[in-house]
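> Structure, please.
(2 chains)
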2 protein chains.
Amino acid sequence: MRASIIGSGNVATHLAKALHQAQVEIHGIWSHQFENAVLLAKQVGAKAVRQISEIIQDESDIVLISVKDDAIAEVAAQLRNYRGIVAHTSGAIALNALSGNANYGVFYPLQTFSKHKNLDFSQVPLCLEANTNQNLQQLKMLAALLSNSVFEVDTEQRKILHLAAVFACNFPNYLYGVAQQLLAQHQLDFDIIRPLIAETAQKVQTALPIEMQTGPAIRNDQQTLKKHEDLLKGHADWLTIYKLLSEQIKKNR
Amino acid sequence: MRASIIGSGNVATHLAKALHQAQVEIHGIWSHQFENAVLLAKQVGAKAVRQISEIIQDESDIVLISVKDDAIAEVAAQLRNYRGIVAHTSGAIALNALSGNANYGVFYPLQTFSKHKNLDFSQVPLCLEANTNQNLQQLKMLAALLSNSVFEVDTEQRKILHLAAVFACNFPNYLYGVAQQLLAQHQLDFDIIRPLIAETAQKVQTALPIEMQTGPAIRNDQQTLKKHEDLLKGHADWLTIYKLLSEQIKKNR
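Below is the predicted model of the structure:
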């Protein structure tokens, strides 16, 4: 299979590198900022193009659209005459946002990507959807080259996954940040708490989180809850979060 | 050094095993439930004792009190004539809760322990405090046998650590549980989201969380926030959490 790529952000970059590593030929790369397309193309043996229309003639089998959600429809519209599969990589956009095209699908990697952090793409869950079974099979073939973790996920399920990812990733990271600030305010190094964060995530790799809940709220340890609330007296926002999440955990007892 | 242990819960068990592995001789083990002391003692070549007073004569250099916070003072009172160091392992209890004893300290492992899950104790941060410099040196010697990560932490700092651990461990785990339930309600396997959880925790092992924040709130992506809130319409509690944490993340922009 031969692929082209629209976009040069975190997801586009990680996908392009993973494709390159899997020896999938990458033809054109287009980015809103041509210089970024050039930079990425260099790394993966591809050609940066100045116009999306150039992708149409490039004989690739699939074009992956990895741009901001708002821009997907507009990019897809410019690919109307593309003969391969047009697939976006977004968790939040419906399959039928591409329905103006003949062959289309979704190729959603459920992971948090940072440009300068490598990660093992073979462990990245790829969530696939397509307008025909034949196109789905094509996406599956491509996905299998990149990852050991491939799922068929329809648009409604994908919306839920995208929401769940906020609870499983964005919100925990915010709470790590609260811990970071609490420690810094008391001359404690963030290193002290890093192993705890790692182990908490590690535990749920084989068990289910609801069964692994620990801490004062699940024990209904009123004394500790009270002590913690007292410590948070000067931080109204954090106190609100502490109370709300503790109440929720108590409800699960 | 020779140690004795009061308690047979998660922390006592992991500590006892780590001490045993480090070839620290374990003398007596006492537990509220004698049978539990017997079970643990068997695994670490120690002797289960029926009375705390038997620990006093057992010639150990340190007794580690790993019982529920409420019970620490009472146990310590029964160890008044112990000649070694009496140390508790709690994050929430002050050093001076043991001040009725001659030699005392705190030996707090900042980690989440589950009885049936092994973990590499050499990576567990040990937070130490003692009533004299000599006792602190003793605790440091013992700690160095178990872990590569040893910190001096006073009572006020330890309280903050204990609170920060709720934000870094208990609350994230609760949020993983929300993700778990969202997925289950839509016939999605929790496996899909496990790599995301692992990577989110992995990222902050070398970076600081505030710099790693991703998601719709930090981008102030109103459309996605609105979509997510709509999906949560049937879950008032989760919607409240979603709104509160998203607002907080937006404040950090």
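> how about low-confidence regions in chain A?
Within chain A, no range satisfies pLDDT under 70.
> Do I have it right that A:Val38 meets A:Ala48?
Yes - applying C-beta atoms under 8 Å as the test, A:Val38 and A:Ala48 come out as touching, 4.3 Å apart. In this view, the C-beta of every residue, glycine as well, is placed from N, C-alpha and C.
> Looking at the two, which one has more neighbours?
A:Ala48 (19 against 15; other C-beta atoms under 10 Å in any protein chain shown).
> so who does that one touch?
A:Gly28, A:Ile29, A:Trp30, A:Ser31, A:Phe34, A:Ala37, A:Val38, A:Leu40, A:Ala41 (C-beta atoms under 8 Å, 6 or more residues apart in numbering or on different chains).
> Show me how to select, in PyMOL, the buried members of those residues.
In PyMOL, this line selects whichever of those come out buried by 16 or more other C-beta atoms under 10 Å in any protein chain shown:
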select buried, chain A and resi 28+29+30+31+37+40+41
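> Tell me which of the contacts of A:Ala48 fall in helices.
A:Phe34, A:Ala37, A:Val38, A:Leu40, A:Ala41 (DSSP state H).
> contact partners of stretch A:113-123?
A:9-11, A:13-14, A:17-18, A:21, A:111, A:146-149, B:195, B:199, B:203, B:207, B:212.
> Please check the residues you listed and keep the buried ones.
Buried among the contacts of stretch A:113-123 (16+ other C-beta under 10 Å): A:9-11, A:13-14, A:17-18, A:111, A:146-147, A:149, B:195, B:199, B:203, B:212.
> And the furthest pair within these?
A:Leu146 and B:Met212 (23.8 Å; C-beta to C-beta).
> Let me see the contact set for the spatially most central residue of chain A.
Centrality entry for chain A: nearest residue to the mean C-alpha point is A:Gln111, 3.6 Å, by C-alpha atoms, centre = their mean. Shown in contact with A:Gln111 (C-beta under 8 Å, 6+ apart): A:Leu119, A:Val124, A:Pro125, B:Pro195, B:Leu196, B:Glu199.
> same thing with A:Gln205?
Counted by C-beta under 8 Å, 6+ apart, A:Gln205 has contacts B:Arg194, B:Ile197, B:Ala198.
> before we move on, what about A:Gln187?
B:Gln157.
> Kindly list the main-chain dihedrals of it?
Main-chain torsions, A:Gln187, degrees, to the nearest 10: phi 60, psi 40.
> returning to what we had before: closest to B:Ala236 among the contacts of A:Ala48?
For the contacts of A:Ala48, the nearest to B:Ala236 is A:Ser31 (42.1 Å; C-beta to C-beta).
> List of residues touching the helix or strand where A:Pro172 lies?
Using DSSP states H and E, A:Pro172 sits within helix A:171-185. The set of residues external to helix A:171-185 that reach it, using C-beta under 8 Å, 6+ apart, is A:189-190, A:192-193, A:197, A:238, A:241, B:160-161, B:163-165, B:167-168, B:171-172, B:175-176, B:197, B:200-201, B:203-204, B:208-210, B:212-214, B:241, B:245, B:248-249, B:252.
> go on, stretch A:62-82?
A:1-7, A:9, A:11-12, A:15, A:32, A:52-53, A:55-56, A:84-90, A:92-93, A:97-98, A:100-101, A:104, A:107, A:138-139, A:142, B:221, B:223-224.
> Out of these, which sit inside helices?
Counting by DSSP H, the part of the contacts of stretch A:62-82 found in helices is A:Val11, A:Ala12, A:Leu15, A:Ser53, A:Ile55, A:Ile56, A:Gln138, A:Leu139, A:Leu142, B:Gln223, B:Thr224.
> mind checking how far the spatially most distant residue from the centre of chain A is from B:Ala92?
Distance from the C-alpha centroid of chain A, by C-alpha atoms, centre = their mean, peaks at A:Gln223 (39.5 Å). Separation of A:Gln223 from B:Ala92 (C-beta to C-beta, to the nearest Å): 8 Å.
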